[in-house]
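K.L.:
requesting a structural model of the entry that follows:
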Amino acid sequence: MRNNRFIHLIEWTQRVDQFEQRLKGNADLRWGGHDGGQHLRQALGSYKLACFAERLRGETPSTWDQPRNEDTLRLFLINKHHWTLEQARQVVGEEDFLYLLRDEVMSMKLTEKEAGPVKDSVFFRDGFQDFAQHYAEPEK
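P.N.:
Residues are numbered from 1 along each chain as shown. Below is the predicted model of the structure:
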């Protein structure tokens, strides 16, 4: 059985490192028109997807299972978008999930706890105010 502990700082850092390494290894993957930080922007989508899956897992916990992110997201596609199990099982990669769940991930606001590692990574960089649109308003 998988350990279901989700540690936001670790999840964020792993994604930032993953995209940074991918870009170092292949200059053709670089976007034009951005002032650096592409790895942070790409990591944000991946991280928000993981947070989305973690929220879903928390909403519908089962005593007998601790599903992986992919399975949690597949169940969402089945329940919300009326996919069949066979259709959902054909979705295998994070890029596919990000594409299919774009509206949900874009509209989701990161909680203070989820947003903490992201804010710590981008607050000192020029041009990263647009990250703020992904943060929920702080609770008073």
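
K.L.:
quick one: contacts of the one helix or strand residue 96 maps to?
P.N.:
In this assignment (DSSP states H and E), residue 96 forms part of helix 94-100. With C-beta atoms under 8 Å, 6 or more residues apart in numbering as the test, helix 94-100 has contacts from 45, 46, 49, 70, 73, 77, 91, 105. From N, CA and C alone the C-beta is placed, and that goes for glycine too.

K.L.:
swap in 6 Å and give it another go.
P.N.:
45, 49, 73 (C-beta atoms under 6 Å, 6 or more residues apart in numbering).

K.L.:
helices or strands next to the next helix-or-strand element following that helix in the packing?
P.N.:
Once the chain leaves helix 94-100, the next helix or strand it forms, by DSSP H and E, is helix 102-107. Applying 3 or more C-beta pairs under 6 Å, 6 or more residues apart in numbering; DSSP states H and E, we find helix 102-107 packed against helix 38-59.

K.L.:
not counting the helix it packs on itself, show me its contacts.
P.N.:
So helix 38-59 is in contact with 6, 11-12, 15-16, 19-20, 23, 31, 69, 72-73, 76, 98, 105, 108, 114, 122, going by C-beta under 6 Å, 6+ apart.

K.L.:
which one of the contacts of helix 94-100 has the most neighbours?
P.N.:
residue 73 (26 neighbours; other C-beta atoms under 10 Å).

K.L.:
next one: stretch 6-19 to chain centre, how far?
P.N.:
Centroid separation for stretch 6-19 versus its chain: 10 Å, with C-alpha atoms, centre = their mean, to the nearest Å.

K.L.:
one more: stretch 65-77?
P.N.:
The answer for stretch 65-77 is 14 Å, by C-alpha atoms, centre = their mean.
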